[in-house]
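Student: Build me a model:
(chains A, B, C and D)
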Amino acid sequence: MAQNAIDKSVDTFPKFLLVNARVRGDRPAIREKDLGIWQTWAWAQVKEEVKALALGLKELGIERGDKVAIVGSNKPRLYWAMCATQSIGGIPVPVYQDAVADEMAFVLAHAGAKIAIVENQEQVDKVLSISDRLPSISHVIYDEPRGLRDYDHTRLKWMNEVQEIGRKAFASKYSGDAWEKMIAEGKGSDIAVILYTSGTTGNPKGVMLTYDSVVVSSQNANAFDNLTEKEEVIAYLPMAWVGDHIFSYAQSYVAGYTVNCPESPETIIEDRREIGTSYAFAPPRVYENLLTLTMVRMEDAGRVKRAMFNYFLKHARKWGEKILNKESVPVGARLKYWLGEILVYGPMKNRYGFTNVRVAYTAGEAIGPEIFRYYRSLGVNLKQLYGQTEAAVYITAQPDGEIYADTVGKPSPDVEIKIEPNGEVLFRSPGVFAGYYKDPEKTAETKTPDGWVKSGDAGFFDPKTGHLKIIDRAKDVGKLNDGTLFAPKYIENKLKFYPNIKEAVALGDKRDYVTVMLNIDLVSVGSWAERNNVIYGSYQELAAHPRVYQMLSEHVDEVNKSLSEEGPMAGAQIKRFLILHKELDADDGELTRTQKVRRGFITERYGPLATGLYEGAKEVGITTELTFEDGRKGNISARVKIEDMKPHAPAAPMGKAA
Amino acid sequence: MFYREAGQFKTTYRADMATFPITQDRIGIAIILMVAFTVIPYFGSNFFLHAIMIPFLIFALAAIGLNILTGYTGLLSLGTGGFMGVGAYACYKLATIFPEVHILIWVVTSGFVSAAVGIVFGLPSLRIKGFYLAVATLASQFFLSWCFIRIPWLVNYNVSNAIEVPRRTLFGVHVTGPEATPHARYFVVLAIVVAMTWLASNLVRGRIGRMWMAVRDMDIAAELMGIKLLNTKLLAFAVSSFYCGVAGAMLVFLYYGSAEATAFSINQSFAILSMVIIGGLGSLLGSFLGAALIFMLPLLLPPFLGSLGLSIQAATAEHLSFMVIGALIVFFLIVEPHGLARLWQIAKQKLRVWPYPY
Amino acid sequence: MLCVKPYSMFCKIFIIPFYEMWELPDIFVQTLWEGLVGGTLYSLIALGFVLIFKASGVFNFAQGIMVVFAALSLVGLHAIGVPAILALALTVLIMLVLAFAIERVVLRPLVNQPDIILFMATFGLTYFLIGFGELIFGGDPKVMITKQLYIPTGTLSFDFAGGRVEMQKLDITAVVVASLMVAVLAVFFSKTRIGRALRAVADSHKAALSVGISLNQIWIIVWFAAGLVALVTGIMWGARSEVSFALEIIALKALPVLILGGFTSIPGAIVGGLIIGVGEKVGEIYWGPLFGRGIESWLAYMIALVFLLFRPQGLFGEKIIERV
Amino acid sequence: MRAPDETTIKAGQTLLSVEGVSLSFGGVKAIRNVSFDIRKGEIRAIIGPNGAGKTSMLNVINGFYHPQEGQITFKGIKRKKMRPHDAATGGIARTFQNVALFKSMTTLDNIMAGRTLRMHKSFFWQLLRYGPAEQEEIEHRRKVEEIIDFLEIQHIRRVPVGRLPYGLQKRVELGRALAMEPELLLLDEPMAGMNLEEKEDMCRYVIDVNNHYGTTIALIEHDMGVVMDLANRVVVLDYGQKIADGTPDEVKANKAVIDAYLGVAH
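Tutor: Below you'll find the predicted structure:
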C-alpha cells in the first residue's frame, strides 16, 4: 500500500500508467488466455502499447474531448484503447458488446463517437450495418482481423496498423516525451469516461464520471480492503458496466494489480481456477450459477461422497462463518472444520478458483442468504456492497468481520447517506457523477444542487447493525388495493433463492392480491427431470410439465410461509402463479443488459397472462414474438397454466402501510 | 482432492508442455525418487534389494522397451526375450574382448547391438501386419535362442555354456561379479533405469512419439501425412530392442551373475508381454506397475495364502500365480484394456475434480 | 563348425546335400516320410487356429496349451482308473465345457473389441491353463495311453532302393486320422447348415445372425471343434513322444504353417503344414550338421518369413485392398 | 523437401491436373479415362452419385492408389503416379470420408502430428528434449494453437479425439490437414453426417481457409446446395467417367448431370 500513499499529482489513469511503468515496470499488468497459454504484458510493455495506440488515434484525428466508442468482450487491447484514448484527452465510451444494432446505434449516435474500436468481425458488421445513422464515425478499428481481409478498408483499420501509424508518427514528428506531455495536460476534473446505464425504462443514459471521482473511489476501495499490486482479478463482466470499469481498470491502474482476460466465455470457470483470483467481484447470478452447478454435479456423485459432502457442509454452516469472522470456536469444531477443509471446502474452493481469494464481492442485486452463507461457510470472504454507476460504484460496503446476509453494509469512506421519508436512499460523495451526458434535466432530477444523488432505491438503516438494508427500487415499492405494502423485488428475490427458479416477476401494485410469473432454471430443473425421467423436448415443454408446476408450487408456498412471518409483508403473499412459456431474454428487451427484469415491459408484453392471473382463468393462450441471436425474429405460442395458492395465516397482525 | 490447481497457470508453452505440469505431480515424483535413492537402500535388507528391487527395476526397463514397440507403435512382439539375450551376450563378448573399457559402458552400449538386430527383424514389419508380424517376431525369438545355445563363441567356449560375469568395480566398489554387494548393484541399476525412463518419456512426448502413435492409430492417415511408415516402425524396433538389450545385459551382469540361454527363452518374452498388458499399453508408468505386479505376485502369493491359513508348497504357489496372472490379464482386458496405468489415470482424475464426480 | 573355409562352405551348402539325397534315396525317402508325419501334426494344430480365426477372427494363442490340456486330461482320467474309452468321452466333454467357459468368461465380455485385445485374452488364457493344468496334473511328463486306445504300434518296414525304409504304424495312423479329420471338417463346413453359418461369420457377423444362429453359439461350436482337433493332436503327438508342457511350445511351431497357409484357409493349413514338416526335416538332416544341429527350432520360421515377404497374405489367403 | 525443378504456381494457374487417368481393382473399373484440372486458389468440387469413383480420384491424387493409365501433373511436374510421401511433401493434405484421426491422441497431439513433416530436430535432440527439440516443439505448438483458435476448438484441446462427437472430429481432422500448411487441400465429404448448424460452420471454415490461408481446395460433397455455394468450379463423375465440368450454374444446367445426379436427388 505504501507506494499508493495518495499522491494528488497523479490524478488520471494515463498518469497512473506512467507511475506503474516506472515503479513496477516488470510486474504483470494484464494477461489474456490466448493460444493456449496466459500471454502476459508487464506495465512497461503496456505503456509502450498504449503509447503507440494513442498516437495512432491522434493521427486518425482524435482531439481533446472527442468520444471513442469501445465495443467488445474483455480483451487487453480494448482496455489499452481506453487508456490510450484518455491519454490524449479523448473520452472512452464502452458499449455492451451484446447490444443489438438499434441499441448500439442510439449510444454511438448520442455520444457522437468519432471512432469505434471493436473486437472482431461480428462487431464490425454491426457497426457498419448502422453506419448510415452514425455520421460522426470517421473510423472503425478492430482487434481481431479474422474474416475481415476482404472488407473495404477505407474507414476500417486493424489495431496493429493504427499502432504502426502511431509509432511512425512518434518517430517522425514527436519529440521524446511528447506523449507524456499530452498526458500531463489531463486534469482530475476532466471527464474520464461515459458509461451508458441501461435504465430499467427508456433509453440508456450516459453517466459522465470525472477522473477525480473514479480515482478517489478506486483509492478508497483499495484502501478499504488493502489491495496491493499482488492481486489477481479476472475480467469477464461487460466492459461497459461500471463494475468492470472500476475493478478491472480503475482499481488495477491505481493499485497496480494484475487483470486476467479469459480465453472464451465458455472457459471462464476453468480460467478463473487456473488464475486463482485473489480479489473477485460478481453479481449474485454468478455465485448462484456456481452453486447450482455444484448441487447438480453432486446429485450425480456416489452416495458415500454425497453424504460426506452434505455432512461437512452442515458442519460448515454451523461453524464456518464464525471461524471466518475469527469468533471463538470450540476446538472440536475447529478440528472437524479443518478435516472438512481437506475433504470438501478446500477442493470446492479449488473448483471455483477461490482458493486464493482474499476478498470477494457480490453486488448489483440482492443475493440469496443461503448462497451468501454457503460461500462464507467454505471460508470465502464474500461481502456485499451497494453501488451505482452514478457513484462510481461505492456507496456502502461490508467491513471485514461485520458481514450480514441481508444488509449491504456501512457507508464507504467519504460517502454520506440520508434516507428520504418515502424510504429513498440519497448519497453524497467525491465519487458522484458529473451529470448525464447531453441531458441536463435528467441530471437535475437525480442530482440536487447541493450534490445529493437520488439512488432510486428504497431502504433503511438496520438499528441493530447500523448497516443499510435495501428493499427495492423506490418507485417499485407499491401498494395493494387494500393498502398493504408491496415490494415486488423483495418477493422475487425470495423466489429466486430457489435454484429451480431462474427469474420471477411479481405483480400486485394497485391490484387486489399478489401474483407472480416464473422462469424455471433449465440447468437444475433439467437435471431434476433427467433424474426423475421426465421427458421434455424444449424449455416450453418442461415449463408446462405438471410435475414441474407441482414442485414450484411447493417453493411458492414456502415463500408465502416466510412472508407470513414478516409482519408488513404478510398481506402480500402470492395468491396465484404461472410459469412463463419462454425464458426472459435481454434480446427481447425483457431483461436489462445486467440481466435485471423489466417488470413494466413484461407486464404489457404478457398482458393476456397478467389479466388471466387476475380474472381467475385456469389457463391462458398467448403468442409471443422473440428474437434469435442472429437478430431474426420469430413467434412462439403456448397455453400457460395458472396455479392457485392458499395463503398462510399471518404470524403477526396485518401491517398496513401508513 | 489433494490436487489444488487453482493458481497454477502457465504463461509459456515450455511450462505448459513440462513433463509434470501439475505441481502436486512434481512433488510426488520427487518424493518417489527420494525414497528410491535414500530410504530403500538405507532400510532395505540385502534380500529386498537383491531379490525384489533389482529384478523389478530391470524387468520394468524391459517392459518399457516392449511398450515402445507394442504399446506406442502398435507392433505386437513376442521376441522380447531374444532381444534381451542379444544385449546380454553382446555385453559379455564386448566386455571380454575389451576388458580395459569399463563394464558399465558395455552394459549400456550392448543396447546398440540388440538395436541393430532389432532393425533386421523389424524389416518384415513393412510388408506384414498384426499377427503375421507377431509370428515374425516369434521367429526372431526362436532363432536367437538357438544362436545362444548353438554358438559357443558367444560364451567364449565355456564348458558351462553359460555367461560368467567378470568382476568389475566402479569407484573402487565392486558392481559386478560375486563380490558386488546388492546395494552397489541396486544403485547402478536404479541410476540406469531412471535415466533411460526419463529419455523414453522425452521421446514419446515429442515428434517421434507422435509418429509412433500415429502409425499405431491409423497408419494410412499417417502415411498420407508424409510419415514414412518403414522408418518409423524400424526406429521403434531399434529403440525398443535397445531398451530390452540393456535390460538383458543388466539382468545377467547385475542380477543373475551368470546366465544360460534359457534366461532369454520365449517364456521370458511372454512374461514381459504380460507385464505390459497388465501395466497398460502405451504407458511408461504402466511398465513399472505391470513389472511390479507380475514379478512380485509369485513372491507375495504364498505369504498371502498363508495369512488365509492355507499353507502351500512353492510349486503349487507358482502354478497358482500362473493362473492368477492369466486371470488378471483377461480381467484387465475386459474391464480396463489400458491396464493399471489407466486405473491410476482415472483415480487421479477423480482426485482432481473432487468432490465432483466428473 | 562355423569356422570352415568359404569355398568348402559353399559346396557344403549347395552341392553335397543334394548329392547325398541322390546317393542314398532310402534315407531321403525316410526323411520325407518323417517330415510328412511331423507335417500332419503341424497341420492339425494349425487347423485348430484356423477354425477359430475363420469363425471369430480370434488368433487363438491358447491352441497349443489346449492340445496339452486335452492330452493331460485324457491321461489323467485314465490314471485315476477311468476306462480308456470312457476317459476319451469324458475328455471330449471337458473340451466342450472348456469351450462354454471360454465363450462365457472371455469372448462374450470382449465382443467387438479389436483383434489384438482378443489375441491377448487368449494369451492370458494360455497362462491360466498352464497354471491350472500343472496344478491338477503336475508338471512332470506322462505317457500317452496308446495301447488302451487301440492305436497300433510297432514298425512297418520295407526295402527300398537297396536300403530300408521304416514306418511307425503310429505315424500311419496319425496320417490317416488327420486326413479323416480334415475330410470331416470339410464336409461339416460345406454341407451342414451350421458349417455354412460359420463360413458366413467369417465374412460378416450380421450374415451369421441372418442364418439364425447367435454369435455365442457359433463361438462355442468352433471352440469345441478346435478342442476336438486339439485332443486328436494331443493323442497323436503324445503317442509319438510323451505328454508334457513342452508340447505347448512345440505348438508354436504351427504358426509358420499359418503364415504359409494363410489364417483363414483350411487347405492352406494342411499344405502349409506338410511343406513346413518336410522342409524342416530335410533341412535338419542335410544342412543341420553345418550349423551344429537344432535348426528345426527356427528353420520353419525362416522359410515362412522369406515366403511372407513375397506373398504377405499367405498361400491361399485373398489379396487385401485397403480403403480409405 | 521440394523437387528442385518445380515451378512456383501463381493464383489462377493450373496447380494440379489429371490426364486420362484410369484405375481398376482386379476387373472392376473405378475410374475411366478422367481428366480435369485444379487451379491455384480455387475451390473445386467433385460430385457424383455413390460409387462414381470420387474418393478413388482423391486417392489417386495423393498417391494412395496408383492408376493403370494416365498421368498427374502437380506444380509442373508430370508423374505416372503420385507417391503418398511425395504428395505430402509436395503440399497435398486431405481429410477422409469417415474420419481417420488418431483416435487415442488428444486434439492437440493430432494437429501437432500434422506438423511432423516440418519438424526436423534429430533423434538425439528428441532424446534430450530440452534445448533445440523443445524449442522446435514450442514454435510448432504456437502454429498449432493458431489453428485451434481458428477452428474454435480451444475447449477440446486436451480431449482424446476418440471421445469427441462426430462433428468436432471432422473439425479436428481439418485442423490436422491445415497443420501441414498444404497448397492443395483435399476434403472428402467434409459435411457428411452433420446437422445443419455444423454444416454451416464447416462451410464457413472451408471458405475462411480458402481466403485466409489462400489454400486451394478440392472437395467431394453430396449436398448440392453446399457445393453450389462453395465451389468455383465443379466436376461431375458418374460410373467412373467425367460427365460434366464447369461453374456450378453450368453444371446445374447440364442435361447429363440432371439425369445422372440431380434427377436421382429429386
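Student: got a list of what residue A:112 touches?
Tutor: By C-beta atoms under 8 Å, 6 or more residues apart in numbering or on different chains, the contact list for residue A:112 reads A:67, A:136. C-beta: built from backbone N, CA, C; applies to glycine.
Student: likewise residue C:298?
Tutor: Here residue C:298 is in contact with B:139, B:142-143, B:146 (C-beta under 8 Å, 6+ apart).
Student: tell me the contacts of whichever residue of the stretch 351-500 of chain A sits closest to chain D?
Tutor: Nearest residue of the stretch 351-500 of chain A to chain D, counting by C-beta to the nearest C-beta: residue A:353, 16.6 Å away. Residue A:353 makes contact with A:234, A:269, A:271-277, B:6 under the criterion C-beta under 8 Å, 6+ apart.
Student: Give the other helices and strands that the helix or strand harbouring residue A:103 contacts.
Tutor: Element membership of residue A:103 [criterion: DSSP states H and E] is helix A:101-111. Packed against helix A:101-111 by the contact rule (3 or more C-beta pairs under 8 Å, 6 or more residues apart in numbering or on different chains; DSSP states H and E) you find strand A:67-71, strand A:91-95, helix A:121-129, strand A:191-197, strand A:205-210.
Student: could you point out which element follows it?
Tutor: strand A:115-118.
Student: Give me the helices and strands touching that following strand, please.
Tutor: Counting by 3+ C-beta pairs under 8 Å, 6+ apart, the packing neighbours recorded for strand A:115-118 are strand A:67-71, helix A:121-129, strand A:139-142.
Student: Including distance to chain C, mean neighbour count and mean pLDDT, could the ones you listed go into CSV?
Tutor: Below are these laid out as CSV (distance: least, C-beta to the nearest C-beta, whole Å; neighbours: other C-beta atoms under 10 Å in any protein chain shown; pLDDT from 0 to 100):
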stretch, distance to chain C, mean neighbour count, mean pLDDT
strand A:67-71, 46, 26, 97
helix A:121-129, 36, 18, 93
strand A:139-142, 41, 23, 96
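Student: Make TSV from these and add distance to residue C:233 to it.
Tutor: Shown next, in TSV, are these (distance: least, C-beta to C-beta, whole Å):
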stretch	distance to residue C:233
strand A:67-71	81
helix A:121-129	73
strand A:139-142	78
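Student: which residues sit in contact with the spatially closest residue to residue A:162 that is not a sequence neighbour?
Tutor: Leaving aside its sequence neighbours, residue A:162 sits nearest to residue A:56 (C-beta to C-beta, 6 or more residues apart in numbering or on different chains; 3.7 Å). By C-beta under 8 Å, 6+ apart, the residues touching residue A:56 are A:84, A:161-167, A:169.
Student: which of those has the most neighbours?
Tutor: Neighbour counts for the contacts of residue A:56, by other C-beta atoms under 10 Å in any protein chain shown, peak at residue A:84, which reaches 31 neighbours.
Student: for that one, what are its contacts?
Tutor: Residue A:84 touches A:50-51, A:53-54, A:56-57, counting by C-beta under 8 Å, 6+ apart.
Student: Relative to residue B:218, how far out is residue D:97?
Tutor: Per C-beta to C-beta, to the nearest Å, residue D:97 is found 13 Å from residue B:218.
Student: quick one, which of these two is more surrounded?
Tutor: Between residue D:97 and residue B:218, counted using other C-beta under 10 Å, the more crowded position is residue B:218 (23 against 17).
Student: before we move on, back to that, want to try TSV for the contacts of residue A:56, with pLDDT and secondary structure as columns?
Tutor: Shown next, in TSV, are these (pLDDT from 0 to 100; DSSP: H, G, I helix; E, B strand; the rest coil):
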residue	pLDDT	secondary structure
A:84	97	helix
A:161	95	helix
A:162	96	helix
A:163	96	helix
A:164	96	helix
A:165	96	helix
A:166	95	helix
A:167	95	helix
A:169	94	helix
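Student: and which of these is nearest residue B:304?
Tutor: Ranked by distance to residue B:304 (C-beta to C-beta), those are led by residue A:163 at 71.5 Å.
Student: where do the strands sit along the stretch 451-600 of chain A?
Tutor: With DSSP state E, counting those that start in this stretch, the ranges of strands along the stretch 451-600 of chain A come out as A:453-461, A:468-473, A:478-479, A:485-486, A:501-507, A:514-520, A:574-579.
Student: if we can go back for a sec, compare the helices and strands packed on helix A:101-111 and report which one is nearest to chain D.
Tutor: Chain D sits nearest to helix A:121-129 of all the helices and strands packed on helix A:101-111, at 10.3 Å, using C-beta to the nearest C-beta.
Student: now that closest one against strand A:67-71, angle please.
Tutor: Here the directions of helix A:121-129 and strand A:67-71 differ by 140 degrees (axes from the mean of the first three to the mean of the last three C-alpha atoms, to 10 degrees).
Student: and helix A:121-129, anywhere near chain D?
Tutor: No - applying C-beta under 8 Å from any C-beta of the partner chain, one finds helix A:121-129 separated from chain D by no less than 10.3 Å.
Student: Against which helices or strands is that helix packed?
Tutor: If you count contacts as 3+ C-beta pairs under 8 Å, 6+ apart, helix A:121-129 packs onto strand A:67-71, helix A:101-111, strand A:115-118, strand A:139-142.
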